[in-house]
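> What follows is a predicted protein model with its sequence.
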There are 2 protein chains.
Amino acid sequence: MQKHVIFAKPSGPKPSGNGRHAIINYSVLSEAVGYRLRRAQLAVFQDFGESFAAEGLRPADFSVVLLIKHNPGLKQSEVAEALGIQRANFVAIVDGLEGRDLVERRKSETDRRVQALYLTPLGEQFAENMLATWQAHEDRMIAKLGGPEARDELIRLVNRLTE
Amino acid sequence: MQKHVIFAKPSGPKPSGNGRHAIINYSVLSEAVGYRLRRAQLAVFQDFGESFAAEGLRPADFSVVLLIKHNPGLKQSEVAEALGIQRANFVAIVDGLEGRDLVERRKSETDRRVQALYLTPLGEQFAENMLATWQAHEDRMIAKLGGPEARDELIRLVNRLTE
DNA sequence: TATTGTTATACTCTATAACTATA
DNA sequence: TATAGTTATAGAGTATAACAATA
């Protein structure tokens, strides 16, 4: 299906070292927004990767399928921009999804330069299963956070960093 | 100093498109922990990269210098593990810092396999300036979040995802 | 035998330039 | 002239295997 391991990461206990851990002073790193955000994001993507290992679906693939499902007919460049992906790099992503018969490119009648994106029937079905798998993943993250209110608070806070 | 642009990203206004933006339904992506966390982390690293563009210092370099400053004499593998960096990939990072005369490797007397890490005098001085630059960056992030209390709350929440 | 640091290698993600076909 | 999609390419980050020196 997918030639490479996606999100490979330790699954068993680490055989490294002698079991003892050095006591380390992390200084400001403990409270550094960027560092803590990065580590947390990696942990979440780790769980996401394990959830979708069988499907070989990466975060970008998930986002693209979701956006096309809810916005059929969008131009490639519009989906790419919405996700912060450069259009040059977006081509391979759509190629992959089209090669799995999940997404279809249709040349616009009014502007022959643009490729409008749609889910195939298989893609629609895939999206349903994908969302169920994703919801289970998201529920784990929400549980770790301490519930839906904590999740809402987290989203509210991180959005301030992006705006 | 550094051959490659670090954290290259748009600095000016985007010349793309005609100015109009497609109205897009993001569906669950708007509230997805992984997606929002990722976008926020990229925004923070973006600011970090701009802050340290002149020094050519990447987030990993910053963390390594900081950890050695506060834990002189740690083994390479201990610093690497503390930061979640594989020891094989950590070699090039230390090579870079040693090449800039910021960090020094010293072979342990008691175990000739290990390289203990120390800041050079230049490294100590560098660390001071680095921390001042970092604090300015961090203050911008805290301001965006809405103050130190909001920052503390964010750290508390994201830590639950890593633990 | 096991561990530390190292080298080599491969894959993913991302950034940039240049091309094509259309407008 | 400008835009949408594409190709090619290069750099950065990361994962794995294997080796030498040392324990």
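Arrived safely, thanks for sending. Numbering: from 1, shown residues only, chains lettered A, B, ... in the order given.
> Give me the neighbour count for A:Glu31.
17 (other Cβ atoms under 10 Å in any protein chain shown). Yep, even glycine has a C-beta here, placed from its N, CA and C like the rest.
> my read: it touches B:Arg151, true?
Yes: counting by Cβ atoms under 8 Å, B:Arg151 is a contact partner of A:Glu31 at 7.5 Å.
> how close does the one residue sitting closest to the centre of chain A sit to B:Ile68?
Centroid check for chain A by Cα atoms, centre = their mean gives A:Pro59 as the closest residue, at 2.0 Å. Distance from A:Pro59 to B:Ile68, counting by Cβ to Cβ, to the nearest Å: 33 Å.
> How about the contacts made by A:Glu138?
Counting by Cβ atoms under 8 Å, 6 or more residues apart in numbering or on different chains, A:Glu138 touches B:28, B:32-33.
> Give the rounded mean pLDDT of whichever helix in chain A runs longest.
Criterion DSSP state H: the longest helix present in chain A is helix A:121-145. Averaging pLDDT along helix A:121-145 gives 98.
> buried sites along the helix or strand just after that helix?
Next helix or strand after helix A:121-145 toward the C-terminus (DSSP states H and E): helix A:148-162. In terms of neighbour count (16 or more other Cβ atoms under 10 Å in any protein chain shown), helix A:148-162 has its buried residues at A:150-151, A:153-155, A:157-158, A:160-161.
> For these, work out which two are farthest apart.
Greatest spacing in these, by Cβ to Cβ: A:Ala150 and A:Leu161 (17.4 Å).
> which residue ranges form the strands in chain A?
Under the criterion DSSP state E, chain A contains strands at A:103-107, A:115-119.
> Show me which residues of the last one are buried.
Counting neighbours by 16+ other Cβ under 10 Å, one finds that the buried residues in strand A:115-119 are A:115-117, A:119.
> okay, these in TSV with distance to DNA strand D next?
Output for the buried residues of strand A:115-119, formatted as TSV (distance: Cβ to the nearest atom of the strand, whole Å):
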residue	distance to DNA strand D
A:Gln115	4
A:Ala116	7
A:Leu117	8
A:Leu119	16
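> Any chance of those in CSV with distance to A:Glu55 as columns?
Formatted as CSV, those follow (distance: Cβ to Cβ, whole Å):
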residue, distance to A:Glu55
A:Gln115, 24
A:Ala116, 25
A:Leu117, 19
A:Leu119, 15
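> Hmm, A:Val103 is touching A:Ala116, no?
No: in this structure, A:Val103 is not within contact of A:Ala116 by Cβ under 8 Å, at 10.9 Å.
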